[in-house]
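**Student:** just the structure for this:
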Amino acid sequence: MRTKVLNYRIIISPDTQTGTGKAGFTALCPTLGVADDGDTVEEALKNVKGAIQVYIDSLAEDKQLVPVDHTQQDIVTTTQVTAPLSLRFA
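**Tutor:** As a prediction, this is how the structure comes out:
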């Protein structure tokens, strides 16, 4: 079977687990609308990768078009800046 490697952006955000309130992380693939969670960043990433694979396999089985991520040039990162403590924060 021939295969193709697909690359998808994943956004990982701190979250709390429904029911337990335990801290964790949610991983979202916006191109596919697929998300999953985990106790750690690594676990959330592993779980969403599995969910993406199941979704892609399902689309292939149903002979549906597979959305691809065309924004591979994006760079997503965070940065820190300082702000006076007198400011109000949302």
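**Student:** helices of this protein, residue ranges please.
**Tutor:** Applying DSSP state H to the chain gives helices spanning 41-61.
**Student:** tell me where it has strands.
**Tutor:** 11-16, 23-29, 34-38 (DSSP state E).
**Student:** what stretches of the chain score poorly on pLDDT?
**Tutor:** Counting by pLDDT under 70, the chain shows low-confidence ranges at 71-76.
**Student:** which residue lies nearest the spatial centre of it?
**Tutor:** Nearest to the geometric centre of the chain sits residue 28, at 2.6 Å (CA atoms, centre = their mean).
**Student:** ok, the residue nearest to residue 26 when sequence neighbours are not counted - contacts?
**Tutor:** Spatial nearest neighbour of residue 26, excluding adjacent residues (CB to CB, 6 or more residues apart in numbering): residue 15 at 4.3 Å. Glycine gets a C-beta too; all of them are placed from N, C-alpha and C. Shown in contact with residue 15 (CB atoms under 8 Å, 6 or more residues apart in numbering): 23-26, 37.
**Student:** of those residues - the most surrounded one?
**Tutor:** residue 25 (21 neighbours; other CB atoms under 10 Å).
**Student:** excluding its backbone neighbours, what's nearest that residue?
**Tutor:** In space, residue 25 is closest to residue 44, 4.1 Å off (CB to CB, 6+ apart).
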